[in-house]
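Colleague: Curious how this folds, go ahead:
(one chain, ligands or ions: 2)
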Amino acid sequence: MDHTDPLPLFERGVGRVKLALKSTLRKSSRSASPTADEQALWRDDLLCQANLTISDARTLADLGYALSPHPDIPAETITAVACAHRLFTPEAVAILQDICTRLEERADDSDWIISRRTRAVTTLSPFINAMMNSRSFLLAISRIAGVPLVPYPMLNARSQINYFYPKPEHEQQQLGMWHTDGTNYVLNIVLTRSSDYTGGEFVFHNSTVESFDALNHRTFETAPLIEPGDALFIYGSRLFHGVRPVSTGRRMSLVLSFHCPYAREDSNQFWHLASDDGIPATIPNWLKLRWALQRSAARQFARIGIAPITFEELRYPES
Ligand SMILES: O=C(O)CCC(=O)C(=O)O
Ligand SMILES: [Fe+2]
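Modeller: Numbers count the residues shown, from 1 in each chain. Ligands and ions are numbered 1, 2, ... in the order given. Model (predicted):
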């Protein structure tokens with residue numbers, strides 16, 4: 001695919017409902033038991049705090065959003081897109097690569113945004129689960145986001161591993177499609193080196209969702225995700241983005257979603273979730289999500305067993 005080719009747009013509206021029905025029919029009955037053979041334990045020194053650098057950062061206001069999605073948090077303080085380099089030590093990157101490679105056996109085919117993906121990774125990997133619940137990790141991501149964060153309340157939407165590679169010619173090819181995410185605060189950690197594959201660029205529209213035009217590639221930017229472990233933080237529900245199809249090699253990424261416990265609003269929609277999980281699984285999850293969003297911030301932090309992360313804390317770098 002030529003770089004200027006428009007990428008197909010992910011289904012919205014009625015298309016979502018159709019996808020939800022398709023997902024309902026396709027749902028496999030595979031049980032989600034953890035992979036017991038994981039050796040590594042999460043440690044906070046696997047974060048590379050001293051060498052972390054942020055590039056290409058823009059807030060929601062920079063993108064053109066005059067109104068914040070959260071009435072009490074200004075659009076000038078919420079990060080819309082930012083690239084984090086050396087968030088993890090090389091040891092942490094190697095562990096994540098190993099875990100995510102092994103979890104490919106749990107992956108389902110997906111013919112739209114990605115080739116294959118494994119969802120609810122925190123239920124399968126104690127390491128990734130501990131990482132996501134670590135106060136140091138959450139604080140590091142909160143600083144990038146500009147708002148305090150906790151792991152996204154709904155397990156299926158909280159974490160997934162994406163595997164991109166060209167499929168044999170007779171099979172349905174992966175379609176790199178423009179989309180917005182169901183969740184707001186999303187960290188896309190790419191675990192393969194960009195020289196290991198062709199295509200696979202993470203592209204985004206550098207303005208508001210309303211101004212998106214799939215044919216106007218002048219507003220598209222490519223995120224500088226080069227080294228394994230480079231990560232792109234996005235405000236996923238307000239940023240049109242997509243990964244171009246991989247034409248050779250292999251690209252693997254770990255995508256984590258977070259929630260701001262000081263905000264009651266959440267962008268996720270029933271049909272967005274149902275298009276991934278099918279309708280029966282989405283009904284109880286949806287009710288649990290609405291319930292979780294009513295909890296106080298203090299309660300949400302207490303449930304993961306950490307002291308609350310405050311807005312004040314985000315302004316000062318850790319000593
Ligand atoms: O794999 C990636 O880098 C991101 C893919 C994506 O946008 C998604 O999974 O929602
Ligand atoms: Fe996405």
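Colleague: List of residues touching the one helix or strand Ala61 maps to?
Modeller: In this structure, Ala61 sits in helix 60-63 according to DSSP states H and E. Outside helix 60-63, the residues that touch it by Cβ atoms under 8 Å, 6 or more residues apart in numbering are 68-69, 74-76, 78-81, 206-208, 235, 238-239. Heads up, the C-betas are built off the backbone N, CA and C, glycines and all.
Colleague: same question, stretch 192-206
Modeller: 1, 7, 58, 63, 81, 97, 164-165, 176, 178, 188, 190, 211-212, 219-223, 225-228, 232, 234, 239-253.
Colleague: Among those residues, which are located in strands?
Modeller: Of the contacts of stretch 192-206, the ones assigned to strands by DSSP state E are 58, 81, 164, 188, 190, 220-222, 232, 234, 241-243, 246-249, 251-253.
Colleague: thinking again about what came up before, which members of the contacts of stretch 192-206 additionally contact ligand 1?
Modeller: Residues of those in contact with ligand 1 (Cβ under 6 Å from any ligand atom): Asn188, Val190, His241, Val243, Ser253.
Colleague: Quick check: which of those residues has the minimum pLDDT.
Modeller: Ranked by pLDDT, these bottom out at Val243 (93).
Colleague: Within its local environment, how many residues does that one see?
Modeller: 25 (other Cβ atoms under 10 Å).
Colleague: Close to ligand 1: what parts of this structure are there?
Modeller: So the chain meets ligand 1 at Ile113, Asn162, Asp181, Asn188, Val190, Phe202, His241, Val243, Ser253, Val255 (Cβ under 6 Å from any ligand atom).
Colleague: What is the nearest of the residues you listed to Gln39?
Modeller: The closest of these to Gln39 turns out to be Ser253 (Cβ to Cβ; 22.4 Å).
Colleague: give me every residue that touches that closest one.
Modeller: Ile161, Asn162, Phe164, Asn188, Ile189, Val190, Leu191, Thr192, Val243.
Colleague: For those, pick the one with the most neighbours.
Modeller: Ile161 (27 neighbours).
Colleague: Tell me the secondary structure at that one.
Modeller: At Ile161 the chain is in strand, as set by DSSP: H, G, I helix; E, B strand; the rest coil.
Colleague: hey, what's it bridged with?
Modeller: Thr118, Leu254 (DSSP bridges).
Colleague: Closest residue of the stretch 201-319 of the chain to ligand 1?
Modeller: Per Cβ to the nearest ligand atom, Ser253 is where the stretch 201-319 of the chain lies closest to ligand 1, at 3.5 Å.
Colleague: any weak-confidence spans in the stretch 151-300 of the chain?
Modeller: Applying pLDDT under 70 to the stretch 151-300 of the chain flags residues 173-176.
Colleague: could you pull out the helices for it?
Modeller: With DSSP state H, counting those that start in this stretch, the ranges of helices along the stretch 151-300 of the chain come out as 155-158, 270-277, 279-293, 297-303.
Colleague: for the ones you listed, which one ends up most surrounded?
Modeller: helix 270-277 (a mean of 22; mean count of other Cβ atoms under 10 Å).
Colleague: Could you tell me the angle between that helix and helix 279-293?
Modeller: 130 degrees (axes from the mean of the first three to the mean of the last three Cα atoms, to 10 degrees).
Colleague: Helix 270-277 - contacts with which helices or strands?
Modeller: helix 14-26, helix 155-158, helix 279-293 (3 or more Cβ pairs under 8 Å, 6 or more residues apart in numbering; DSSP states H and E).
Colleague: if we can go back for a sec, kindly write the PyMOL command that selects the buried subset of the contacts of stretch 192-206.
Modeller: Selection of buried members from the contacts of stretch 192-206 for PyMOL, criterion 16 or more other Cβ atoms under 10 Å:
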select buried, resi 7+58+63+81+97+164+165+176+178+188+190+212+220+223+225+228+232+234+239+240+241+242+243+244+245+246+249+251+252+253
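Colleague: Would you mind measuring from Leu124 to Leu52?
Modeller: Look at Leu124 and Leu52: by Cβ to Cβ, to the nearest Å, they are 27 Å apart.
Colleague: try Leu149
Modeller: Counting by Cβ to Cβ, the gap from Leu149 to Leu52 is 16 Å.
Colleague: Show me which of these two is the more surrounded one.
Modeller: Leu149 (27 against 16).
Colleague: pLDDT value on that one, please?
Modeller: Value for Leu149, per-residue pLDDT: 98.
Colleague: Pretty sure Cys260 is one of the things it touches, is it not?
Modeller: Yes - if you go by Cβ atoms under 8 Å, Leu149 and Cys260 touch, sitting 6.0 Å apart.
Colleague: residues shared between the contacts of the two?
Modeller: Tyr185.
Colleague: which SS class is Leu67?
Modeller: Note that with three-state DSSP, the state of Leu67 is coil.
Colleague: correct me, but it touches Ile73?
Modeller: No - with contact defined as Cβ under 8 Å, Leu67 does not reach Ile73; the gap is 11.3 Å.
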